[in-house]
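Student: Model the following, please.
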Amino acid sequence: MNLLEILKKFLFIQNVIASIFSLISPYLEFTIGKYKAIKKAMFITAHDETYGSYLEFGIFTGSSFNFAMKINKKIEKIFGKANCDFYGFDSFKGFGKISDDDKHPRFKDSIFSVNEKQVLKNILKCSGGQKYKIIKGFFEETIKDKDPYHYGIEKARVVMIDCDLKEATSLALNFLKKILQKGTIIMFDDYIFYKGSAKKGEYAAFEEFKVKNPSIKFRPAFEYGYGSKAFIVTEI
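Tutor: Predicted coordinates for the structure are as follows:
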């Protein structure tokens, strides 16, 4: 009796598997998907010798930022030293003022405010001696009308945009414009939210950025998590 016949005959097997899978939190799956995406992006850029910095906008508890540093050390054992610096941007106090267009029932300061001291201590512990810099503050203060060279960032290798909101994502993309290169991979962690609206969230910010910067061309790289999406710069 083959596997298909077994599943057809013993339905309880399906019930058991479904019950076990239902116990896994969507947030855990979301996080694992993000880890896999970062690993994939770091591998692809190392393979193609796309050198530069890893940037993350909206580091929250530092989970994905820490993972990026850890996986970089592993990948360097395959492809050699990449001299990749890590830059994280976050207020650690939530979003601050949220425009009416960006309002969402799940995106609130109370959810995204974290213990800054604890997060920074853990990042230091996980860095493994790699060079990193955390730029603290709301994006209006830290990246709006700011030059990335001011922070010592010359080229973007991999970018994680976990800003949730359209306004914050637009600020991040405009900040990145000067340091994008062929091969840069940008990941949008909240690409599908706002009920798929074409006028809200990270999706809308990216679409507007592409219209305003037609010389920068992107190609879809891969999807991950729960509606998250990555793109690679092909022309600039």
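
Student: all strands of the protein, in order?
Tutor: For the chain, the strands defined by DSSP state E cover 53-57, 86-90, 132-136, 156-161, 185-188, 217-224, 228-235.

Student: what's the closest of those strands to Lys8?
Tutor: Distance to Lys8, taken as C-beta to C-beta, is lowest for strand 217-224 among these, at 31.8 Å. (C-beta placed from N, C-alpha, C; glycine too.)

Student: Figure out which of the strands of the chain is closest to Leu171.
Tutor: Of all the strands of the chain, it is strand 53-57 that lies closest to Leu171, at 8.4 Å by C-beta to C-beta.

Student: what's the nearest residue to Lys210 if we skip its chain neighbours?
Tutor: Phe218 (6.8 Å; C-beta to C-beta, 6 or more residues apart in numbering).

Student: Which pLDDT value goes with the one you found?
Tutor: pLDDT recorded at Phe218 is 98.

Student: So what's the residue count around Tyr132?
Tutor: Counted with other C-beta atoms under 10 Å, residues neighbouring Tyr132 total 21.

Student: Can you name the residues that contact the residue lying closest to it once chain neighbours are set aside?
Tutor: Using C-beta to C-beta, 6+ apart and skipping the chain neighbours, the partner closest in space to Tyr132 is Phe86 (3.9 Å). Applying C-beta atoms under 8 Å, 6 or more residues apart in numbering, we find Phe86 in contact with 53-56, 65, 68-69, 72, 127, 130-133.

Student: mind running it again at 7 Å?
Tutor: Ser53, Tyr54, Phe65, Ala68, Met69, Gln130, Lys131, Tyr132 (C-beta atoms under 7 Å, 6 or more residues apart in numbering).
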